[in-house]
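Visitor: Quick one, structure for this:
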Amino acid sequence: MELIIGLALGALPVLFLGASVGLSVAYNKLQARLGRSERDRDSYLGVLESSNDALFVINFVNGRIYQANSKASELLGYRNDELVALSIFELHPREFLHRSATRIADAWEQKGLVYEDIPLVTAKGDVIDVESSVRVTSYRGDPAIILLARDIRERLSLQRKLSTQQAVVQEQNHQLLSSIRYAQRIQRAVLPEAEQLQKIFPESFILYRPRDIVSGDLYWFAEKDGKAIVAAADCTGHGVPGALLSLIGASLFQEMVMEKACTDPGAILDGAREGMISALNKQDAETIQRDGMNAAVISFDRASMTVAHAGGFSPLFLIREGELMEFKGDRMSVGPYEGSPKAFETTRIEARLGDRLFIFSDGFQDQFGGTEGKKIMSSRLKTWIRETSVLSMDDQYQVLSDRFRLWKGAHEQVDDVLLIGLQI
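Guide: Okay, here's the model as predicted:
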């Protein structure tokens, strides 16, 4: 017994030593944990205060605010100690509480989220629109989120102003577009219906593609004193300015042929030129030299089987038995001129059954496209017309239209396009 008691008493120092060592290890772990917590806290504080926006560290489970920076206090009008006594849900309007909880849950699931549909409420009860950015973290071992709130009131104000201005611009554009479409109706009313040309020339077509809603190109035709008169003109410009000139040009052709009974193409262009000069005489000297139109006029006399042509920078192509002949016309426009005027010359051609005649504006040949982005050019237009002349007029129209469209591809249309084809 005495031996047992002696052994027990001898072991006590060893037991105390072991307990002391265990307590020391536990204490050191606790100190290390506290040290890490302090470092985490200092790290969070450094991040918080370096941000230019309001920043909160929030408990993920209950929304309690662990920390907030001075920007958050400044934005919301709370002292820092007041903020850390609140939860994030107390800083949201009551009607947004459910959405707020949903956003936090989504942020946790997605490891982050950005949204701007939940405002914050200041200490005075003012509502502030913010953009919120949330990312997932931990704080002292507990799940937490970092919420950054950026004041977007100024941005939203600018957006509202921009939206208002855009609405005004859209309304102005709508009114302008309505006016242009009304101008299109007027232009269509002044020009003859394209389908009516087939009453004069059963085998014929008009390929007409305005670049804009209204066109600076015009076609005009009529019958007078046993002769069929057809004109194709390209007025200066396109869009609304060109369309206004086209109305003047159409009225001048109407006046020369139907009112003054003029059927000679050269004389028609002479009269149209004087009328154009008279219509534009109120413009300044620099502008008046630029305005006018290039035009081709043909007159077909069925009794004598004769085609007469006159052109101002506008030729006539004639296809006969697969060959193409070109009649260039004069190198002067139908409009204001410098120096003494020169009369337009009329060229007369003996027609044959099956002859095909083509007059046009330069919009077709000036179109960019193809594999190298180049113009169609007059030479390629001649080739296309000659190659397709073996087809019926309807088929020739379709093929030429398709070739133009495919050549243009993704390129913008550079000008109004007009091509008139007639068969004797």
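Visitor: Residue 75 belongs to a strand?
Guide: No - counting by DSSP: H, G, I helix; E, B strand; the rest coil, residue 75 falls outside a strand, being helix.
Visitor: Excluding sequence neighbours, find me the nearest residue to it.
Guide: The shortest distance from residue 75 to any non-neighbouring residue, by Cβ to Cβ, 6 or more residues apart in numbering, is to residue 54 (4.7 Å). Placement of C-beta: from N, CA and C, glycine included.
Visitor: My guess is the one you found contacts residue 148. True?
Guide: Yes - Residue 54 lies in contact with residue 148 (Cβ atoms under 8 Å); the separation is 7.2 Å.
Visitor: Counting neighbours, go ahead and name the busier of the two.
Guide: Each of residue 54 and residue 148 has its neighbours counted (other Cβ atoms under 10 Å); residue 54 has more, 26 against 21.
Visitor: Could you pull up phi and psi at the more buried one?
Guide: Residue 54 adopts backbone torsions of phi -70, psi 130, taken as degrees, to the nearest 10.
Visitor: Tell me which residues touch it, please.
Guide: 68-69, 71-72, 74-76, 120, 130, 148-151 (Cβ atoms under 8 Å, 6 or more residues apart in numbering).
Visitor: Give me the buried subset of the residues you listed.
Guide: 68, 69, 71, 72, 75, 76, 120, 130, 148, 149, 150, 151 (16 or more other Cβ atoms under 10 Å).
Visitor: which among the residues you listed gets closest to residue 406?
Guide: Nearest to residue 406 among the buried ones among the contacts of residue 54, counting by Cβ to Cβ, is residue 150 at 52.0 Å.
Visitor: May I have the phi/psi pair for the closest one?
Guide: phi -110, psi 130.
Visitor: quick revisit: ok, now how distant is the residue nearest to residue 75 from residue 126?
Guide: 14 Å (Cβ to Cβ, to the nearest Å).
Visitor: if we can go back for a sec, just give me the closest of the contacts of residue 54 to residue 410.
Guide: Within those, the smallest distance to residue 410 is 41.5 Å, found for residue 150 (Cβ to Cβ).
Visitor: shouldn't that closest one be in contact with residue 131?
Guide: Yes - between residue 150 and residue 131 a contact is recorded at 4.6 Å, counting by Cβ under 8 Å.
Visitor: Do you know the pLDDT at residue 395?
Guide: As predicted, residue 395 sits at a pLDDT of 97.
Visitor: Kindly report the same for residue 316.
Guide: 98.
Visitor: Now do the same contact list for residue 351.
Guide: 300, 305, 306, 307, 424 are the contacts of residue 351 under Cβ under 8 Å, 6+ apart.
Visitor: Between all of these, which two are at the greatest distance?
Guide: The widest separation within the contacts of residue 351 (Cβ to Cβ) is 10.5 Å, between 306 and 424.
Visitor: So between those two, which is more surrounded?
Guide: residue 424 (17 against 14).
Visitor: Distance check, the closest residue to that one other than its chain neighbours against residue 386.
Guide: Closest residue in space to residue 424, ignoring its immediate chain neighbours: residue 355 at 4.4 Å, by Cβ to Cβ, 6+ apart. Shown here: residue 355 relative to residue 386, a distance of 13 Å by Cβ to Cβ.
Visitor: shared neighbours, these two?
Guide: Shared contacts of residue 355 and residue 386, defined by Cβ under 8 Å, 6+ apart, comprise residue 319.
Visitor: Between the two, which is the more surrounded one?
Guide: residue 355 (19 against 15).
Visitor: wait, what's in contact with the more buried one?
Guide: 307, 318, 319, 320, 423, 424.
Visitor: most neighbours, which of those residues?
Guide: residue 307 (24 neighbours).
Visitor: And stretch 208-220, end to end?
Guide: 12 Å (Cα to Cα, to the nearest Å).
Visitor: average pLDDT for that stretch?
Guide: 94.
Visitor: Now it: buried residues?
Guide: 208, 209, 210, 211, 214, 215, 216, 217, 218, 219, 220.
Visitor: Contact partners for residue 239?
Guide: Neighbours of residue 239 in contact, by Cβ under 8 Å, 6+ apart: 211, 212, 213, 214, 216.
Visitor: Contact partners for the second one?
Guide: Just to be clear, that refers to residue 212. Residue 212 neighbours (Cβ under 8 Å, 6+ apart): 180, 238, 239, 240, 416.
Visitor: Could you tell me which of those count as buried?
Guide: 238, 239, 240, 416.
Visitor: now, the most widely separated pair of those residues?
Guide: 240 and 416 (12.2 Å).
Visitor: Output the below-cut-off pLDDT ranges for the chain.
Guide: Residue ranges of the chain with pLDDT under 70: 1-50, 282-289.
Visitor: ranges for the helices of it?
Guide: 2-50, 70-76, 80-83, 97-110, 153-190, 197-200, 239-254, 265-279, 285-288, 377-388, 393-408 (DSSP state H).
Visitor: For the fifth one, name the packing helices and strands.
Guide: This means helix 153-190. helix 239-254 (3 or more Cβ pairs under 8 Å, 6 or more residues apart in numbering; DSSP states H and E).
Visitor: what angle do the helix it packs on and helix 153-190 make?
Guide: 10 degrees (axes from the mean of the first three to the mean of the last three Cα atoms, to 10 degrees).
Visitor: what angle sits between helix 239-254 and helix 265-279?
Guide: In terms of direction (the same axes, to 10 degrees), helix 239-254 departs from helix 265-279 by 130 degrees.
Visitor: Give the buried residues for helix 239-254.
Guide: Judged by neighbour count using 16+ other Cβ under 10 Å, the buried positions of helix 239-254 are 239-240, 242-250, 252-253.
Visitor: Stretch 78-85 now?
Guide: So for stretch 78-85, counting by 16+ other Cβ under 10 Å, buried means 78, 83.
Visitor: ok, now stretch 352-368?
Guide: So for stretch 352-368, counting by 16+ other Cβ under 10 Å, buried means 355-365, 367-368.
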